[in-house]
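A.B. asks: Fold the following, please.
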Amino acid sequence: MGIAQISRQTMALVFIVAATGFAALVFTDGDDVVVLTESTFEKEVGQDRGALVEFYAPWCGHFKKLAPEYEKLGASFKKAKSVMIAKVDCDEHKSVCSKYGVSGYPTIQWFPKGSLEPKK
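C.D. replies: Next up, the predicted model:
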């Protein structure tokens, strides 16, 4: 899924999240975006806060163009208790990406608080 194929609802959510000025609590590798893996996905997502998750491939041109803005979004939510901004490398964690039907990059999905099912 290219940037042009991301739903209007998802893009609106990204802009709303960016405009509110909150920040995420958990960080990995010095990023402002939480890095999720096969072993951490269910421990972080579906818990006590909503999660905006980017499924990406590091080689993807669309991902590379979006990455700086997504990092800014993560920085904005660095201290938020109600929202997590996260990402999954689909080259490294194919099973997670497959489970959530990812077929193109980047794919951004919103997981409401307490749910491991993305909002459609």
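A.B. asks: Can you tell me the SS state at the most centrally placed residue in the chain?
C.D. replies: Residue closest to the average C-alpha location in the chain (C-alpha atoms, centre = their mean): Val53, at 1.9 Å. Secondary structure, DSSP: H, G, I helix; E, B strand; the rest coil: Val53 is strand.
A.B. asks: how far away is it from Pro106?
C.D. replies: 10 Å (C-beta to C-beta, to the nearest Å). The C-beta positions use only the backbone N, C-alpha and C, and glycine is treated the same way.
A.B. asks: just to revisit the earlier point, skipping adjacent residues, who's closest to the residue nearest to the centre of the chain in space?
C.D. replies: Nearest-residue entry for Val53: Ala86, 4.9 Å, with adjacent residues in sequence omitted and distances by C-beta to C-beta, 6 or more residues apart in numbering.
A.B. asks: Check which helix or strand the one you found maps to.
C.D. replies: Taking DSSP states H and E as the definition, Ala86 sits inside strand 83-89.
A.B. asks: I'd like to know which elements that strand is packed against.
C.D. replies: Contacts defined by 3 or more C-beta pairs under 8 Å, 6 or more residues apart in numbering; DSSP states H and E place strand 83-89 against strand 34-36, helix 41-44, strand 50-56, helix 61-76.
A.B. asks: Off-centre distance for the following helix or strand past that strand?
C.D. replies: Per DSSP H and E, the first helix or strand lying C-terminal to strand 83-89 is helix 94-99. Distance, stretch centre to chain centre, for helix 94-99: 14 Å (C-alpha atoms, centre = their mean, to the nearest Å).
A.B. asks: What residues sit buried inside helix 94-99?
C.D. replies: Within helix 94-99, the residues scored as buried using 16 or more other C-beta atoms under 10 Å are 96-97.
A.B. asks: I figured Trp110 hits Lys120, correct?
C.D. replies: No - Trp110 is beyond contact range of Lys120, at 9.5 Å (criterion: C-beta atoms under 8 Å).
A.B. asks: Show me which of those two is the more surrounded one.
C.D. replies: Trp110 (19 against 7; other C-beta atoms under 10 Å).
A.B. asks: Helix or strand: which one has that one?
C.D. replies: Using DSSP H and E, Trp110 falls within strand 107-111.
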